[in-house]
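1. how would this look folded up:
(chains A and B)
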Amino acid sequence: DQQVKQNSPSLSVQEGRISILNCDYTNSMFDYFLWYKKYPAEGPTFLISISSIKDKNEDGRFTVFLNKSAKHLSLHIVPSQPGDSAVYFCAARRSQGGSEKLVFGKGTKLTVNP
Amino acid sequence: EAGVAQSPRYKIIEKRQSVAFWCNPISGHATLYWYQQILGQGPKLLIQFQNNGVVDDSQLPKDRFSAERLKGVDSTLKIQPAKLEDSAVYLCASSVLSSRADTQYFGPGTRLTVL
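-> Numbers count the residues shown, from 1 in each chain, chains lettered A, B, ... in the order given. Just a heads-up that it's a prediction; the model follows:
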């Protein structure tokens, strides 16, 4: 079963505009949510996170919103830049058996056009 | 600070052959993870080590996959024998503490193709 879903495989936006990437989850036991960014031939790199007790976290051009009742989170990038073109993975953390496990979505490929 | 190192970067083998991947985590990182990322999917955790002990291997196909972390530093992941469905990128990650999920640092991965 897919506990973390990113329903948009790709997204294309113009430079300077807002990029909104969405993520839905099904497991209410997740306590922490993260976004990772991945360039081709590189490993994912951490971008921004949010605790389940908050509804917003902002870091420069990146803001993550969490709607716990809807089990939905989104990543906003404002303004979008061509260097933001990458695959973005949503991940959720679940504590189980004394360890914390990350569950990843399938990713959304963002293309920012100059 | 040097990042997580992995080798080889690419590997092509035939089904039923054996293969091994190597990972050198960031110095001082106690926790090491191996993930499998199949094309079009997100990374899936295979095994997690805390120092040289296994914390979670619930998703590791133990009939063909094995992993070890000698002396709590480097780690190797082995597949024996390989199947077509094992074609994927194998990612190694490390962190200082397992309780901080945002501090997982990933290596570049090893792309395995099984023919």
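
2. what helix or strand does B:S27 sit in?
-> Counting by DSSP states H and E, no helix or strand carries B:S27.

3. any idea of the pLDDT on the closest residue to it other than its chain neighbours?
-> Distance criterion C-beta to C-beta, 6 or more residues apart in numbering or on different chains; nearest residue to B:S27, sequence neighbours excluded, is B:A2 at 7.2 Å. From N, CA and C alone the C-beta is placed, and that goes for glycine too. Per-residue confidence (pLDDT) for B:A2: 79.

4. over to the one 4 residues further on?
-> The confidence metric pLDDT takes the value 97 at B:Q6.

5. so which bits of chain A are right by chain B?
-> Chain A comes close to chain B at residues A:4, A:6, A:32, A:34, A:41-46, A:49, A:89, A:91, A:93, A:96-102, A:104-107, as judged by C-beta under 8 Å from any C-beta of the partner chain.

6. now, the residues you listed that are in strands?
-> Using DSSP state E, A:4, A:32, A:34, A:45-46, A:49, A:89, A:91, A:93, A:96, A:99-102, A:104 are the members of the residues of chain A next to chain B that sit in strands.

7. how long is stretch A:24-42 end to end?
-> 25 Å (C-alpha to C-alpha, to the nearest Å).

8. nearest spatial neighbour of A:Q6, chain-adjacent residues omitted?
-> Counting by C-beta to C-beta, 6+ apart, A:Q6 lies nearest to A:G105, which is 3.8 Å off, once chain neighbours are set aside.
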